[in-house]
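Enquirer: curious how this folds, go ahead:
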Amino acid sequence: MQEENKSKLYVGNLPYAVDDAKLNEMFASIGEVVEAKVITDKFSGKSKGFGFVTMADEETAQKAIAEMNGKELEGRALTVSVARPPVERPNRG
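Expert: So this is what the prediction gives:
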């Protein structure tokens, strides 16, 4: 089982126009961003409306949650929380 990385954040309810660069920019005002990735559909390439941001440390991540969770962006209230490790799904084949 993977250990939870408390500096990696889940960012949900993103406007579909937000890309990796915009996501990075949004969180860079709070502190150092290690990585910002919007999750896209592998076939269409369009945003799925959520992404992940890895902050430099846990303290900065907590500050980002406090400042960004519930913040409105283009009429959508963002959901920001510590990202949970991926759940292994059984193979459906």
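
Enquirer: show me what the helix or strand of the chain with the lowest mean pLDDT is in contact with.
Expert: Using mean pLDDT, DSSP states H and E, strand 72-73 stands out as the lowest-scoring helix or strand of the chain, at a mean of 94. With contacts defined as Cβ atoms under 8 Å, 6 or more residues apart in numbering, strand 72-73 is touched by Leu14, Pro15, Val18, Met26, Leu78. C-beta: built from backbone N, CA, C; applies to glycine.

Enquirer: touching the helix or strand that comes right after that strand from outside, list them.
Expert: Of the helices and strands lying after strand 72-73 in sequence (DSSP states H and E), the nearest is strand 76-77. Residues from elsewhere that reach strand 76-77, judged by Cβ under 8 Å, 6+ apart: Asn13, Leu14, Pro15, Gly70, Lys71.

Enquirer: where along this protein do the helices fall?
Expert: Assigned by DSSP state H, the chain shows helices spanning 20-28, 58-68.

Enquirer: related to what we said a few turns ago, of the contacts of strand 72-73, select the buried ones using a PyMOL command.
Expert: The following PyMOL line selects those of the contacts of strand 72-73 that are buried, judged by 16 or more other Cβ atoms under 10 Å:
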select buried, resi 14+18+26+78
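
Enquirer: would you reformat the contacts of strand 72-73 as JSON lines and include distance to Lys63 and pLDDT?
Expert: Converted to JSON lines, these look like this (distance: Cβ to Cβ, whole Å; pLDDT from 0 to 100):
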{"residue": "Leu14", "distance to Lys63": "19", "pLDDT": "97"}
{"residue": "Pro15", "distance to Lys63": "23", "pLDDT": "96"}
{"residue": "Val18", "distance to Lys63": "20", "pLDDT": "96"}
{"residue": "Met26", "distance to Lys63": "13", "pLDDT": "96"}
{"residue": "Leu78", "distance to Lys63": "15", "pLDDT": "98"}
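
Enquirer: greatest separation within the contacts of strand 72-73: which pair is it?
Expert: Farthest apart among the contacts of strand 72-73 by Cβ to Cβ are Pro15 and Met26. That separation is 10.9 Å.
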